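K.L.:
Got a predicted structure plus its sequence, pasted below:
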Amino acid sequence: MKQHWQQVVIRPEASLRSTIEVIDRGALQIALVVDDDDKLVGVVTDGDIRRALIRGWALEQPVSDVMNKRPKVASLQDSKTQLIAIMEGHHLYQLPVVDEQGRVVRLESLQALYKQPSFPNPVFLLAGGFGKRLRPYTDDCPKPLLEIGGKPILQTIIENFVKSGFRQFFIAVHYKAEQIKQYFGDGGRWGIAIHYIDEIEPMGTAGAIGLLPGDLPDVPLIVMNGDILTQIDFSRLLAYHNEQQAIATLCVRQYEYQIPYGVVTLAQQRIVAIEEKPLQSCLANAGIYVLDHSLIKSIAAQKTLDMPTLFNQQIALGEAVAMFAVNDYWLDIGREADFLRAQGEFAQFF
C-alpha cells in the first residue's frame with residue numbers, strides 16, 4: 001500500500017494537466033518530481049502551476065519546465081525542531097526528506113509537525129539504579145532526580161515524551177524510591193498518569209517490565225533509561241518500529257574512540273601495516289527500546305533479565321529485531337564528566 005506522499009510522485013515528462021490532477025488527488029498542494037532512479041529532481045506546487053497558466057503556458061507543457069529544480073530538502077538526520085526551523089525560515093508548508101542517494105523517503109508538512117499527537121503506548125522509565133559512578137552526588141539523591149538546567153533529569157525526559165503525545169507512564173524504582181514518588185506523584189501536574197513499579201531487589205534492565213499490569217493495551221511499549229538526555233523524535237521511532245514489524249527495536253548511537261597506540265596488522269606472523277592511533281567506530285546501545293506487547297509475559301516468566309539478553313533471546317528465536325539510529329542530541333549521564341557536560345549543553349538543546 002502506498003504512503004500518502006507516494007501518491008504525488010511524478011516524472012519530469014508529466015504534463016501540467018496530469019500534474020494538476022495528481023496534486024488535486026493527493027490534497028498536499030505539491031507534487032514530487034523524480035527521475036528513473038527515483039531521485040528527487042524537483043518539486044512543483046499548485047502555486048507554480050497557477051503562475052505558469054497565468055503566463056500562458058499550455059496544459060500539455062512538461063512539468064520539468066515549471067518545477068523548482070533546486071528545492072529545499074531535509075535529511076534523515078534532521079530532528080523535528082530542525083525541520084520546523086527549515087520550513088519556517090523558507091516559508092514552506094511541505095518539505096521532502098531524502099536519503100543519502102537523494103531519494104525521497106517521506107514528505108513532512110508544517111501542519112502535521114505542529115499538530116499535537118496522542119499515543120496510547122505506555123512509556124516505561126528505568127529509574128531504580130544506584131548511580132554509583134556519580135557518587136557523591138547520588139549519596140543522598142537518586143540519579144534521575146539530579147538537576148540539570150534547573151530541573152531533574154527524569155522531569156526533562158517525561159516532558160519530552162509529553163510534548164510528543166504520550167500520556168501513560170510507568171517508572172521502575174528501587175534506590176531512594178520514595179524521593180522519586182514524592183517528586184512526581186501521580187503525574188497530575190503534567191496532565192499524565194504515572195504509576196510506579198517497585199523493584200524489591202534489582203531485576204536487571206529488563207526484568208521490572210514483567211511487573212507491568214496485565215490490562216495494558218495491546219500496543220508496543222517504549223522503554224528508556226532514566227538518565228538520558230536526548231532530542232530523539234519518539235513518534236518517528238514508534239512509526240519506524242511499526243513499519244519494520246519487529247518484535248523489538250533497539251536505538252543505537254554511533255560511538256567513536258581512538259586507540260592511544262600504534263596498531264599492528266599481521267599476516268602469517270609478519271607485519272604488513274602499522275597504523276598510528278587509529279580512530280575506531282561502532283554502534284552502541286543508546287538505552288532506548290520499543291518492545292512488542294507480547295514480550296511482557298515472556299519477561300515476567302524470567303524474573304531477572306537484562307536488555308541485551310532479551311534481545312539475544314529474540315534473535316535466537318528468529319524474531320525480527322530492528323535498529324533505529326539516533327542522530328539527534330543524546331547524552332548518557334553516567335559519569336561526573338557527562339553530568340558536568342550536560343550542565344553546559346542543556347540550554348542549547350532544551
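P.N.:
Received it, and whenever you're ready, just let me know what you need. From a predicted model like this one, the values you see are computed outputs, not experimental measurements.
K.L.:
and residue 301, what is it in contact with?
P.N.:
residue 210 (Cβ atoms under 8 Å, 6 or more residues apart in numbering). C-betas here are computed from N, CA, C, even on glycine.
K.L.:
Quick check on it: phi, psi?
P.N.:
phi -70, psi -10 (degrees, to the nearest 10).
K.L.:
And it, how far from residue 317?
P.N.:
14 Å (Cβ to Cβ, to the nearest Å).
K.L.:
And for residue 327?
P.N.:
30 Å.
K.L.:
More neighbours: which of those two?
P.N.:
Neighbours around residue 327 and residue 317, counted as other Cβ atoms under 10 Å, are more numerous at residue 327. The numbers are 15 against 10.
K.L.:
the bottom helix or strand of this protein by mean pLDDT?
P.N.:
helix 110-114 (a mean of 78; mean pLDDT, DSSP states H and E).
K.L.:
That one - contacts with which helices or strands?
P.N.:
Packing partners of helix 110-114 (3 or more Cβ pairs under 8 Å, 6 or more residues apart in numbering; DSSP states H and E): helix 80-89.
K.L.:
Now do the helix or strand containing residue 163: distance to the chain's middle.
P.N.:
Using DSSP states H and E, residue 163 sits in helix 153-164. Put simply, helix 153-164 sits 14 Å off its chain's centre (Cα atoms, centre = their mean, to the nearest Å).
K.L.:
what comes into contact with the least confident helix or strand of the chain?
P.N.:
For helix 110-114, using Cβ under 8 Å, 6+ apart, the contacting residues are 80, 83-84, 87-88, 92-95.
K.L.:
ok, and for it, which residues are buried?
P.N.:
residue 110 (16 or more other Cβ atoms under 10 Å).
K.L.:
Mind splitting this structure into its structural domains?
P.N.:
4-114, 123-349 (automatic domain parsing).
K.L.:
Tell me where the stretch 151-300 of the chain has helices.
P.N.:
153-164, 177-184, 204-207, 234-244, 295-300 (DSSP state H, counting those that start in this stretch).
K.L.:
Now render those helices as TSV, adding mean pLDDT.
P.N.:
Shown next, in TSV, are those (pLDDT from 0 to 100):
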stretch	mean pLDDT
helix 153-164	90
helix 177-184	90
helix 204-207	84
helix 234-244	89
helix 295-300	88
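K.L.:
could you dump those helices to JSON lines with mean neighbour count?
P.N.:
Output for those, formatted as JSON lines (neighbours: other Cβ atoms under 10 Å):
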{"stretch": "helix 153-164", "mean neighbour count": "19"}
{"stretch": "helix 177-184", "mean neighbour count": "16"}
{"stretch": "helix 204-207", "mean neighbour count": "22"}
{"stretch": "helix 234-244", "mean neighbour count": "17"}
{"stretch": "helix 295-300", "mean neighbour count": "18"}
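K.L.:
Export the ones you listed as CSV, with columns for distance to residue 333.
P.N.:
Rendered in CSV, the data for those read as follows (distance: least, Cβ to Cβ, whole Å):
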stretch, distance to residue 333
helix 153-164, 6
helix 177-184, 15
helix 204-207, 16
helix 234-244, 19
helix 295-300, 26
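K.L.:
Run a quick neighbour tally on the nearest residue to residue 58 once chain neighbours are set aside.
P.N.:
Using Cβ to Cβ, 6 or more residues apart in numbering and skipping the chain neighbours, the partner closest in space to residue 58 is residue 16 (7.5 Å). Residue 16 has 21 neighbours, counted by other Cβ under 10 Å.
K.L.:
Residue 16 and residue 31, how far apart?
P.N.:
10 Å.
K.L.:
Now do the shared contacts for these two.
P.N.:
residue 63.
K.L.:
Tell me how many other residues surround the nearest residue in space to residue 183 that is not next to it in sequence.
P.N.:
Residue nearest to residue 183 in three dimensions, not counting chain neighbours: residue 145, with 6.2 Å by Cβ to Cβ, 6+ apart. Residues near residue 145, counting by other Cβ under 10 Å, number 21.
K.L.:
Could I get the phi/psi values of residue 145?
P.N.:
Per degrees, to the nearest 10, the backbone of residue 145 is at phi -100, psi 0.
K.L.:
Mind giving me the packing neighbours of the helix holding residue 163?
P.N.:
strand 123-126, strand 168-173, helix 177-184, strand 228-230, helix 234-244.
K.L.:
Mind doing that once more with 10 Å?
P.N.:
Where contact means 3 or more Cβ pairs under 10 Å, 6 or more residues apart in numbering; DSSP states H and E, helix 153-164 is packed against strand 123-126, strand 147-148, strand 168-173, helix 177-184, strand 221-225, strand 228-230, helix 234-244, helix 336-349.
K.L.:
now the ones you listed in a markdown table, with distance to residue 297?
P.N.:
Shown next, in a markdown table, are the helices and strands packed on helix 153-164 (distance: least, Cβ to Cβ, whole Å):
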| stretch | distance to residue 297 |
| --- | --- |
| strand 123-126 | 15 |
| strand 147-148 | 36 |
| strand 168-173 | 16 |
| helix 177-184 | 25 |
| strand 221-225 | 12 |
| strand 228-230 | 27 |
| helix 234-244 | 19 |
| helix 336-349 | 35 |
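K.L.:
Residue 193: which of those is closest?
P.N.:
Counting by Cβ to Cβ, residue 193 lies closest to strand 168-173 out of these; the figure is 5.4 Å.
K.L.:
between the closest one and helix 177-184, how big is the angle?
P.N.:
Going by axes from the mean of the first three to the mean of the last three Cα atoms, to 10 degrees, strand 168-173 is angled at 150 degrees with respect to helix 177-184.
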